Structures are given as structure tokens and as C-alpha cells.
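Undergrad: Kindly generate the corresponding structure for this input.
(chains A, B and C)
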Amino acid sequence: MNHPQPLSAHTLMVRDLLARRRPGYGLEAPFYLSEELFRADMEHIFGAHWIFVAVEPQIAEAGDYVTIDMGSRSILIVRSDDLQIRAFHNVCRHRGSRLCADRQGVLGNIVCPYHQWSYDLTGKLVHAKHMPDDFDFSDLNLRPVHVRSLLGLIFICLGDAPPQDFEQMATAMTPYLAPHQLQQCKVAAQVDLVENCNWKITMENNRECYHCLATHPELTVSLYEHGFGYKPDAHNADKLQGFQEILERSHARWEAMGLPSAEIDTLDERVTGFRTQRLPLDRCGQSQTLNTEVASKKLLADFVDPALGGLSFWTQPNSWHHFMSDHIISFSVLPITVGKTLVRTTWCVHKDAVEGVDYSVENLTAVWNATNDQDRRLVEESQIGIASGAYEPGPFSPFIEGLLDKFCNWYVQRLSALVR
Amino acid sequence: MNHPQPLSAHTLMVRDLLARRRPGYGLEAPFYLSEELFRADMEHIFGAHWIFVAVEPQIAEAGDYVTIDMGSRSILIVRSDDLQIRAFHNVCRHRGSRLCADRQGVLGNIVCPYHQWSYDLTGKLVHAKHMPDDFDFSDLNLRPVHVRSLLGLIFICLGDAPPQDFEQMATAMTPYLAPHQLQQCKVAAQVDLVENCNWKITMENNRECYHCLATHPELTVSLYEHGFGYKPDAHNADKLQGFQEILERSHARWEAMGLPSAEIDTLDERVTGFRTQRLPLDRCGQSQTLNTEVASKKLLADFVDPALGGLSFWTQPNSWHHFMSDHIISFSVLPITVGKTLVRTTWCVHKDAVEGVDYSVENLTAVWNATNDQDRRLVEESQIGIASGAYEPGPFSPFIEGLLDKFCNWYVQRLSALVR
Amino acid sequence: MNHPQPLSAHTLMVRDLLARRRPGYGLEAPFYLSEELFRADMEHIFGAHWIFVAVEPQIAEAGDYVTIDMGSRSILIVRSDDLQIRAFHNVCRHRGSRLCADRQGVLGNIVCPYHQWSYDLTGKLVHAKHMPDDFDFSDLNLRPVHVRSLLGLIFICLGDAPPQDFEQMATAMTPYLAPHQLQQCKVAAQVDLVENCNWKITMENNRECYHCLATHPELTVSLYEHGFGYKPDAHNADKLQGFQEILERSHARWEAMGLPSAEIDTLDERVTGFRTQRLPLDRCGQSQTLNTEVASKKLLADFVDPALGGLSFWTQPNSWHHFMSDHIISFSVLPITVGKTLVRTTWCVHKDAVEGVDYSVENLTAVWNATNDQDRRLVEESQIGIASGAYEPGPFSPFIEGLLDKFCNWYVQRLSALVR
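TA: From the prediction side, this is the model:
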């Protein structure tokens, strides 16, 4: 396609929808319902950006692998013998069989279950019976996928030209993340939740805490009500000021300990948009647990003070993370179909923490298992309402839905740049 | 769209199919199978006509509500504090969440489960936290839906300009329906049945009793075989004459009691097409029960004579009703998808009738639960056969499939008038 | 459509895909995934070729019938009172109801369950109540489907002009098949297996035994490893030569007994492509059983020698068969949807064989029930991998995937000839 072509009806439809989007308002219904828009999302958003998919503790040893499904795609992520992390399309180059059906496991070589074509952990085809003597094995290595680890957070990019500003995110985030030493952790629990909604509704729900107070009794034990935006009025000036003082005092204390805490927000300003901030937690201030005390007595890294608040890290288009003194929670949002989305939640603790002694899985996961399920109900009701034909985008609260607005801004910008 | 536009390929396809329909024959297969035609049905039939959806006894008190699903749409019907019946799109104006997920219940205000935006029972937005001081609440009231009660039978119209001839139906039907006092009833039972077929197959099945004798042993205890059309021949002249005499004698008796009984049929002559007739019942002649005696000893209204036959009332496109001396049965047909349809059957008895004393739900519902399930099997076999690629519309019997022909006539007329 | 029309976008897409196919390589992904291609397959492959669907022992007596589903189509195959085999679209000419819902049974007349329109077993409409006196019954006979039995193997063709070279296949195959006397058999077992893949993946899997050694421990007890192609090398020259000698010696013996054994292969050379060969079996050499001995002590026809190897018969596009001394296995592959396929396996033994005395169903079916389920897993993994977006057609082994290549050749040729 080296010559200019007239835009297709599909492209015109998408561009028209994108152009109509009103800042400060939600997206129109087709963005959540249309098969065509979903294909556009899979091609231009999930097919061209850095997508958070796993944490290094899932593949700590040579030969460890995980498989990741996004829409109909299947990706194999493996740690090779040189301890590098490598990612491939999970598809045999012979007849197209999926190579690994399990979600995780350990491999010597990657052997196709169909005709035993075998690839080493660098993706090189090393064995294929019954092929001619002049058969060129080097033509049929596994198709690689770009992969990067940001101090243990594994991102992949399916596009040929991954966004280069991943480096800038890595540079900015390294001082924030490094002290928690995710690579020295183990996975204590991982839970997959399927939500019957479009992936953007899942993400939008994550980008505001307007709904938290009425919905999440467990989560709001530790979250300060005023930490995620609030409309100021005559009655709450004292409370807002009070939270601001706690925030500043906490930041000063943490920065002095070598823990960067200040907000960085590039959510709708960059291709690889992200945001971070270390936020104080209420009550004991230690962890997102039911009693706000640490869930794991064995603190991460060399921490001795359990009251480090929660370092939050949000990335466009599909993840968020909370790094605390005792554990790290990561959320990866992976579309299944236009109206079905996987939320994979991973809890990591220090690799030397002992289950039953230092932590219990039940206590560790209680808050977010409850919260995720409450969110599932909300987003599914949104999907149903948006599908009902009467939905029109409504206005966002400028006080408490600002990050949601930035998610929509980012999405519209990226799709506008890529749909041709 | 104020300037003329060329017809789309879709519109041309639909118009061509409509134009090809042969009177006295069935509809072509795409009318039952095509997603495009289903969208046309939802827009032009269910989106623009008066649709029967509920009975007033379901929402007798202020705050009572029901929700109605039609295709992907969800409608909220509520009795407001002034005892008016009001209908709204069941969708929050903020982020589009469905407001009420339950099929029925009681409300003070209508509070969105997501961010607690609150509407009063007239649909007025009365509370929305975190919105700016200059936020105009009046812009974001619930989107209303036209609603009318015909002496307790609740119809809605999703279109902007509801057919005006509802008034003529109301005027004509009032003398027939009023004596039964549906508004003084309570719901004794309601059963939802999902049929794996297009909604028109469900309706077509209702519009002929050609299949009754071989299919419905329970229903035909009380139904006269000759009450719904019959081919006359040398052998059945006496029987046809006999039924005619019963009909005339019954009508004379009922009219003398102030119960209009004569047929009115405008099924394919008006936008709001309907038909009514009071028909004698066989044996005891009291009710559509297994023994043809009344199911409820507490008769409706001020009736003292239980032998009032059955006043049938059929409406285009989606309902039929049988009003007897002791109970009223209403059927509402609501499309789910192109190949899946809900049949909601509601049995009402006098509101002072006492379960276990005056009636039992089992006896009350026995005939139509059996009949509906027998019909389900028939319509599902029709859907499968019509989908099989070899189906061609066949001829209707002019003697016993006349009302079915009128259903098809009405459908083709209405779609032809509205598809542009 | 007697005047030339411009090719539709759909046709151009299909023709482009067909033209791009590289000999010796697999088909591109849309052939397995696209709804449009599936419709093309149902119209031009399953709608225009001879499709194997049943064996005569399933309908041995007058009135016996089976129904066959292909995609959304339903076909009724019945033995009429004159003992002819007849096939009809399983759809009533009145309102389109499916006539027979069961997979098999016995009929006097074919009576529609809806309004009891009745057809005799030649498809003639003989009864339709309530129709006018001048109603022309002869217009509404059942729509016939072409049907042929090749010595008990029943093929149907939905097209108006069935391929005429069925005769040549029948002539060529008769000497091979006749000695086994399928028409003197009974069905001992029939198993339906649904595979979540496109029908062509099921067929392609059947057309190579590259996967057998690692996948099918039960089947490879009796199959010679070298009977389906092998890459020659320095180490296996003796073994290949050994198999060749066994093959020649066996053929000489069987031909002397009046059992033609030589290969005929027209798989990609004719419209009604087929292949046959009688192949020696390993060990006892009698049957495809776990111990390679006959499964039924009552041999077929007048056989006395149980060691007759296995006469294999493969037909395009949807069947394969193994005729042994004691039983016959037939496989019919029937598409359900683009990604779902039925494999119906039928085991026949001599009609005088007594279950529990001459054979047990468990022993008879053990090898192929296990093999089919192993294949199901393989083809489902292929479907998933091919759907993953990263699949590209890979090269076939010229030594062991030659028949697979011929399947693809045939398919591309046939679709190219018919898609306009």
C-alpha cells in the first residue's frame, strides 16, 4: 500500500466518532459496543502500545514461562537460559498450532504439541522432522514480540515500532520503584476476574474514586476520602486542608528516607502515558488491608518502617499498581471480546516471606478481591446501560473525574493518530 | 439529515423483501434470521409503536416500579408520588449505568448505583455530588418514554411521535374492558418463558389455532374447536352452525348484562391495530382452566355470573389477553435477540382473592403454562426449519389462518411506511 | 442474473485469497476464521459436491430415516416403501417447521408437528387440512435432495447439478468395496464428537500421519509407521525397504483372493476427488484394535481369512473409511459453524454378529474413540493458534504431508471454479 488510498467507510466512521468527542464528557456508545471499534482498539491500542502483562517473579528461573491472551492473540513470555526475558507469538510456524496452552509452566525447549517442531528459548527453530535437507530452519524461528521489564514490571509491545518514550517513563519511575525491589519478590496470589464489559469501562472505573465511598467499604478503610479529588465547599475546607497537610508531612518524611513521593502525571501528554504518586494511607497507614496493618510481616527490600503509604503507578492503557512496604499489587486489564474483559490481579510479597507465618493469602487478598468484585458489578451495569440505546455521554466532575477525562483524552488522541 | 439522501444498500434490501411479500403467504426467511432486519424491527416496530409491557397491578402503589427489556433497551416504569405512571430510559445521564437492575421493586428516589446521582420519580435530577456550582441539573433529567394505561394495560412507545390512534383503540375497548376492573386486581402469578425464535414466529403462532387441536390438550378443553375459523365442508355444516348459534345466544345474553361481546377487527387496518371478541367457552363455560370452572372463587368486579366466556383482546405487534369472570391473563412478547424472544404471562385475580382459599396458583396457571411450553416447542422447530436454507413462504389457509395473514399484512405495511 | 455483473467486494476478497495460496503451504487464516468464507464453503463446497453423510445400515428398512445437519441446513434421508433411498430438505412447505427433530427413527408418512401437513415417503404432499378445494397439492411436495449410495455409503448433493464424475468414482471403487458387503452390516456404534475448529482443520488433520507417532498410542499399535509417507535418510533405508516389501507381498496375496489393493489417487485431479489403498496392519494384521486382532469374530461377507489389512477410502471434501475383515469404520465431517465441526464415527459389523458374543462395543470402538479425542485436542489448538493473528501458512513436509497438500489444492481449485 505505497500509494494513497481513499479512506474506507469504516475509517471515516471511526474518525467521525473521534472528532465528535467532547472534552470533559464520556465517549459515545459505539466505542464500547462496536465490533469494528474493538478491532481498532486491538490493532491500534493493544497492538501498538506498551501493555503491562506480568511481573518478573512469575518467571524467576530460566525456562519459566507465562502465556498472555489479548483478544484472540496468544503471547508466550519466557525466561531464556541467559536469564533474558523474551516474548514470542505463541504459534508454531509449521501449521499454526498454539504452542503452549497452559497459563504458566517450565520449558526446556518449546515443542509444538502437533508435529514436535522444537524451538529453543530464544525462539530459534532447532528441530523439525520430515523436512527436506535443504530446508532453511532460520526462516521459521518464532515471531518475536517486543518486551521490556521496568524493574520487574513486564510490558510487551506487539507493534513493529514500539513507542520510544518508554525510556522516559523508565527513567522517571526507577527512583520510585527501585526501593521496593519487585524482582526480589514472589507471587503470593494471582486472581483472574472476567468482567462483562468493554475494557475501557474497566479502565474508566479505575481512573476515578467518585464511586469508592458508596461502593468499597473494605478499600476505604485505608484510603483517604480526599486523596483522589474532591469538590471544595464551605463545609469541607477544613478536611481538605487537613488531608493536604498529611500529604505534605508524609511526603517530607518519605523523601527523607530516599522514597520519592511527588506526583508525576503524563497521562494524556505522552504516548506512553503514566502517573505516579505516593499517597498516605489512613489509620495505621501501613497497607491496603482490612485493618491497615501490613499483610506480610516480612517487609520488602530493606524496609524497617512499615508506614510507607502506597506508591501508586498508573499506566495507559491497561494497568495500575500499588507498592507498599510489605506487598505489591499489580492489575493488568486484557480485553477478551468487545464486551468481555479480564482483570488479572497479582499480589507479590518478599520472596523469603513464609505463608502461614509471615502472611496469609486470605488477609493479603481480602480488600482487593472484595473491591474487584464490587467494581465488576458497577462496570457490568455500565455496559448494560450504555448498550441500551438511550445513553448519551454525560459530563465528568471536574473535581473527581479528572484522571478519567485524561484516560479518554489519551485514548482519543492515540486512536486519532493511528486510524488511517 | 434535512436533504434527501440516496437509499442505502440495507434500505434497498429491506424494501425489496417487503415488496416481494405475497399476500396470503408467509414472510421470507430473512425477516426471521437477519440481524439487519432485527435492527429494523427494533427501530421501526418496537421503537415506534405502542408496545404492551405490563399491567397496573404490578405497580399499584407510589414508588412501585418494573423494568422492561426489549432487545438491548431497558425501560423503567414507575408510579410516582402523584400516582401517575411514568416511564423512563433506565440509564443514568452521568456515565450511562443502568439505574435499576431488578425486574421490580419499590423506590423513593431513583438512585444510580454508580455515583449516586439521584432522580425523583418524575425523572428530575435532584442530586449529583461533586458537580460544579453552575451545573445545570435540568439538562440531565431522565429521558422520558411515552406511556399509556388502557384501564390497567400499560403500553409504552419509544418513538418521538406515538401513533395517535391509540385513542381510538382506547375508546372502542373501554366498554369491553371496564367491567372486568383490571385496576382492582392483583398479580397472582407471572412467568417468563424464553423461546429460541424470532418474535414474529411467536406472534404468528398466537394468531392461528390451526395447530391447537393436535398440540394443546389442556387449552382445547375450554376452547371451542370452531371459534377461530374452520374450513366448511359437507360433514361439518351442522357443527359450524351449532357453534354459530352458541355464539349468538351467548352474545345476546352478555350484551344484556352490559358486557359488549361483538367482534371488532382492525388488525391490519390501523397503525395501532387490534382485535377483540367475547367468545363462549366449552363445558362449564367459565374459565380457561382444566375443568373450565373458575380458578378463583372471588369473581372480578361485581360479577355474580361466572359464565362470561372469554373476552379476547389482541394488539399489534406484541400482545394478547383473555378477560374472564374470575381472572385475566395477559401476554407480552418482547424480543431479546433476532432468534430469542421473551413471552411474559401474567395472571391477575381480584385483589381481595386469597391464595389457598379462593384460588391456587397451580390451578390458575396450569392451562397456559402447559400451552406456552407446547407453543415454545412449535415455534422453535419453525425457527430451525426457516433457518435451514430450503424454506420458502407457503400458503396460509384462508379459513383458519386469516388473523395470521393480517399480522403479516400489518407488519409489512408498517415497515414499508417507516424504512427509508 | 443473466447479464454480467461486477464482482462484489466479497468475491474479490475470496478470489484474492485463493490466488495467493502457495502450493506446498497451508491456507491463510481467513479460510478458517471468516464468516464470509464459511458461507462460501457452505454454498460452494458443501452445497455443490457429493457429501458423505450416512451408511445404508442406518436405514435398512422401509420407513427408517436419519436427519443430517450441515451448518444451518437439515436434510431428511429416508428409505421409502419401494426400498429406495430418498433425501429431502427437512422443512415443511406450509410454514417452514422442521419436520423431524430426532436424529433417526421410523416413519409411516412424514407428518409436520405444526399443522399435520403430511407427505408420503416419496415426498408427495398427501394431506393438508383447512386448505381450499382448489388447492394444488402437487406444488408443495417436499424439496428433494440428490442422493446416491455407493454400495452402502450414502452421499448427498445439495446442488442442482451434482458432479457427474461420481459415476467414475463408483466404477473405480466398486471392486474394492463390494467384497466387504456393507449393505449386509448393522451399525454397532455411532459416536458424535464436536470439535471447536473449522472443518478444514479437521480434514487436514486426517490427511497426514505426521502427528500420529507422538499423539496416537492406540492407533499406532496397528498402523505401520511408514505407511503414510516418510523422509528417507541413511538410517531408515532398511525400514522403508522392509515396509515396501510387506506392502507388495500383502497386495499380491490379497489380489489373488479377489481383493483389489493398489492405490488409486485422484484427490486433487477431479471434482469428486478420492483416494484408496489397502494397507497392511502391523502385529496380527487383522484390525484396527488395541491388540490388532479382529473386534468381531463374525467376519464380514464370506471372509474366512481375518488378515485382510485395512482398505482405506478417502473422499473430498468430508469423509474417510476403513474397511477391514471384521468391521467397517466411516467418518463423516459436517460443519456446524465456522469454528465448530461435527465428526460422526460409525462402526459397522456383520448384521448377524451378536453383541457380547461376537464383539463388544467397548473393544470395537476403543482405538478410534481414543484417537478422535486426541485429534480433537490437536485441531482445537490449531484453531486457537491460527486465530491468534500471528499465524502465517507454513511449509508442508513433501514426504509426509502430501495428501494434506492435495486437500488444499482440491479446495482451492473447487472454490476458485465456483466463486463468482
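
Undergrad: The residue most central in space within chain A bridge partners, please.
TA: Centroid-nearest residue in chain A, with Cα atoms, centre = their mean: A:S319, separated by 2.0 Å. In this entry, A:S319 is beta-bridged to A:T315, A:S332, by DSSP bridges.

Undergrad: how close does it get to chain C?
TA: 22 Å (Cβ to the nearest Cβ, to the nearest Å). Quick note: C-beta positions are derived from backbone N, CA and C, even for glycine.

Undergrad: A:S149 contacts A:P57, correct?
TA: No: assessed by Cβ atoms under 8 Å, A:S149 is found out of contact with A:P57, at 11.2 Å.

Undergrad: For whichever residue of the stretch 301-420 of chain A sits closest to chain C, which residues count as its bridge partners?
TA: Nearest residue of the stretch 301-420 of chain A to chain C (Cβ to the nearest Cβ) works out as A:T337 at 12.3 Å. Judged by DSSP bridges, the bridge partners of A:T337 are A:K340.

Undergrad: Number of residues surrounding A:E293?
TA: Residues lying near A:E293 (other Cβ atoms under 10 Å in any protein chain shown) number 17.

Undergrad: which non-adjacent residue is nearest the residue in the stretch 101-250 of chain A positioned nearest to chain B?
TA: Relative to chain B, the nearest point of the stretch 101-250 of chain A is A:K231 (4.5 Å; Cβ to the nearest Cβ). Take A:K231 and drop its neighbours on the chain: the residue closest to it by Cβ to Cβ, 6 or more residues apart in numbering or on different chains is A:F399, 4.1 Å away.

Undergrad: try A:Y359
TA: A:S296 is the one closest to A:Y359 (Cβ to Cβ, 6+ apart), at 3.9 Å.

Undergrad: Please apply the same query to A:A101.
TA: That would be C:E381: by Cβ to Cβ, 6+ apart, it lies 6.2 Å from A:A101.

Undergrad: On the three-state scheme, A:D233 is what?
TA: Of the three states, A:D233 takes coil under DSSP: H, G, I helix; E, B strand; the rest coil.

Undergrad: could you measure it against C:D16, distance?
TA: 64 Å (Cβ to Cβ, to the nearest Å).

Undergrad: Next: A:L182.
TA: When A:L182 is compared with C:D16 (using Cβ to Cβ), they lie 49 Å apart.

Undergrad: ok, back up a step: surely the residue nearest to A:Y359 touches A:D358?
TA: Yes: counting by Cβ under 8 Å, A:S296 does reach A:D358; the two are 5.1 Å apart.

Undergrad: which residues are common contacts for the two?
TA: Common contacts of A:S296 and A:D358, defined by Cβ atoms under 8 Å, 6 or more residues apart in numbering or on different chains, comprise A:349-350.

Undergrad: Once you drop chain neighbours, what's closest to the closest residue to chain B within chain A?
TA: Chain B sits closest to A:A390 of chain A, with a gap of 3.3 Å, by Cβ to the nearest Cβ. If the residues on either side of it in the chain are set aside, A:A390 comes closest to B:H89, at 3.3 Å by Cβ to Cβ, 6+ apart.

Undergrad: Give me the neighbour count for that neighbour.
TA: By other Cβ under 10 Å, 24 other residues sit near B:H89.

Undergrad: Return the residues in contact with it.
TA: By Cβ under 8 Å, 6+ apart, the contact set of B:H89 is A:388-390, B:73-76, B:142-145.

Undergrad: which one of these sits closest to chain C?
TA: Among those, and counting by Cβ to the nearest Cβ, the member closest to chain C is A:G389, at 24.9 Å.

Undergrad: is it true that that closest one touches B:R73?
TA: Yes: assessed by Cβ under 8 Å, A:G389 is found in contact with B:R73 at 5.1 Å.

Undergrad: These two - which one has more neighbours?
TA: Using other Cβ under 10 Å, the more surrounded residue of A:G389 and B:R73 is B:R73, with 21 against 17.

Undergrad: beta partners for the more buried one?
TA: B:M70.

Undergrad: That one and B:L158 touch, don't they?
TA: Yes: counting by Cβ under 8 Å, B:R73 does reach B:L158; the two are 7.2 Å apart.

Undergrad: so which strand or helix has A:N205?
TA: Following DSSP states H and E, the helix or strand that holds A:N205 is helix A:199-206.

Undergrad: Identify all contacting residues around the next helix or strand after that helix.
TA: Downstream of helix A:199-206, the first helix or strand assigned by DSSP H and E is helix A:212-215. For helix A:212-215, contacts defined as Cβ under 8 Å, 6+ apart pick out A:219-220, A:223, A:225, A:228, A:374-375, A:378, B:115-116.
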